[in-house]
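*Asks:* how would this look folded up:
(chains A and B)
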Amino acid sequence: AQSVTQLDSQVPVFEEAPVELRCNYSSSVSVYLFWYVQYPNQGLQLLLKYLSGSTLVKGINGFEAEFNKSQTSFHLRKPSVHISDTAEYFCAVKGFQKLVFGTGTRLLVSP
Amino acid sequence: DAGITQSPRYKITETGRQVTLMCHQTWSHSYMFWYRQDLGHGLRLIYYSAAADITDKGEVPDGYVVSRSKTENFPLTLESATRSQTSVYFCASSDRGLTNTEAFFGQGTRLTVV
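*Replies:* Have a look, this model is predicted:
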């Protein structure tokens, strides 16, 4: 079975600072990994995905993530955040059929 | 309109009543999912379906029933609603292929059980 752990429930950061949101997964099979963003009162929107190939994945809005198989991690990074990046971020893993999410990390960007 | 739509967007119901949340997708995706979102729990999988007439339980299936007679529809029924089922419910769909494995989400249904 797959599972996802997002260690930080909330990450406060100042505008233009770098940020890293952590995600660790476990799975007994090969997986696909995803990061989704949820703005208030909206559904989830895909930020980026790792299926295979290069371990550094670039997504929308300047975000990127690195797949590390040995550490079973898929951390999300952005070198300089904006106020508009304030949202909830979810890491997800898809194994054979099921798509399983972590508990989410709320990114709070302050001026 | 193309995409995935959920209805209703908001629903208030009484304890013990049956309520059905609708989900419709226009892409003919094989997979469909129902999640509930609660503070501190993220999104938890209720049921999923790999194709028409094939459904399976997720993490929190108790109190819920699903069906999938047509590929494009995946309704979720609360047989006898309880206050603990107050939540935001999201439906999602994804294709079967290697390059299209991400899920696309509806806008959610906010359900309140009083």
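*Asks:* what residues of stretch B:42-54 count as buried?
*Replies:* B:42-50, B:52 (16 or more other C-beta atoms under 10 Å in any protein chain shown). The way it works is simple: take the backbone N, C-alpha and C, and place the C-beta from them, glycine included.
*Asks:* in helices, which of these fall?
*Replies:* Judged by DSSP state H, helices contain none of the buried residues of stretch B:42-54.
*Asks:* which other helices and strands does the longest strand along chain B contact?
*Replies:* Counting by DSSP state E, the longest strand found in chain B is strand B:42-51. Here strand B:42-51 touches strand A:99-101, strand B:31-38, strand B:54-57, strand B:64-66, going by 3 or more C-beta pairs under 8 Å, 6 or more residues apart in numbering or on different chains; DSSP states H and E.
*Asks:* partners of it, with directions?
*Replies:* Sheet partners assigned to strand B:42-51 using DSSP bridges are listed as strand B:31-38 (antiparallel), strand B:54-57 (antiparallel).
*Asks:* who's in contact with the spatially most central residue of chain B?
*Replies:* Nearest to the geometric centre of chain B sits B:Trp34, at 2.9 Å (C-alpha atoms, centre = their mean). B:Trp34 makes contacts with B:21, B:23, B:45-48, B:58, B:64, B:66, B:74, B:76, B:89-91, as judged by C-beta atoms under 8 Å, 6 or more residues apart in numbering or on different chains.
*Asks:* residues in contact with B:Gly42?
*Replies:* B:Gly42 makes contact with A:6, A:90, A:101-104, according to C-beta under 8 Å, 6+ apart.
*Asks:* skipping adjacent residues, who's closest to it in space?
*Replies:* Spatially, and ignoring its direct neighbours in sequence, B:Gly42 is nearest to A:Thr103 (3.7 Å; C-beta to C-beta, 6 or more residues apart in numbering or on different chains).
*Asks:* can you redo the contacts of B:Gly42 as CSV with neighbour count?
*Replies:* Shown next, in CSV, are the contacts of B:Gly42 (neighbours: other C-beta atoms under 10 Å in any protein chain shown):
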residue, neighbour count
A:Gln6, 20
A:Phe90, 24
A:Phe101, 24
A:Gly102, 24
A:Thr103, 20
A:Gly104, 24
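*Asks:* now those as TSV including pLDDT?
*Replies:* Shown next, in TSV, are the contacts of B:Gly42 (pLDDT from 0 to 100):
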residue	pLDDT
A:Gln6	95
A:Phe90	96
A:Phe101	91
A:Gly102	93
A:Thr103	93
A:Gly104	94
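*Asks:* how about the residues of chain B near chain A?
*Replies:* Residues of chain B lying close to chain A (C-beta under 8 Å from any C-beta of the partner chain) are B:31, B:33, B:35, B:40-45, B:48, B:50, B:56, B:58-59, B:90, B:92, B:94, B:98-99, B:101-108.
*Asks:* out of those, which are buried?
*Replies:* Among those, those that count as buried by neighbour count (16+ other C-beta under 10 Å) are B:31, B:33, B:35, B:42-45, B:48, B:50, B:58-59, B:90, B:92, B:94, B:101-108.
*Asks:* so how far is stretch B:3-14 from its chain's centroid?
*Replies:* Offset of stretch B:3-14 from its chain centre (C-alpha atoms, centre = their mean, to the nearest Å): 10 Å.
*Asks:* pull out the buried positions in that stretch.
*Replies:* For stretch B:3-14, by 16+ other C-beta under 10 Å, it's B:4, B:6, B:11, B:13.
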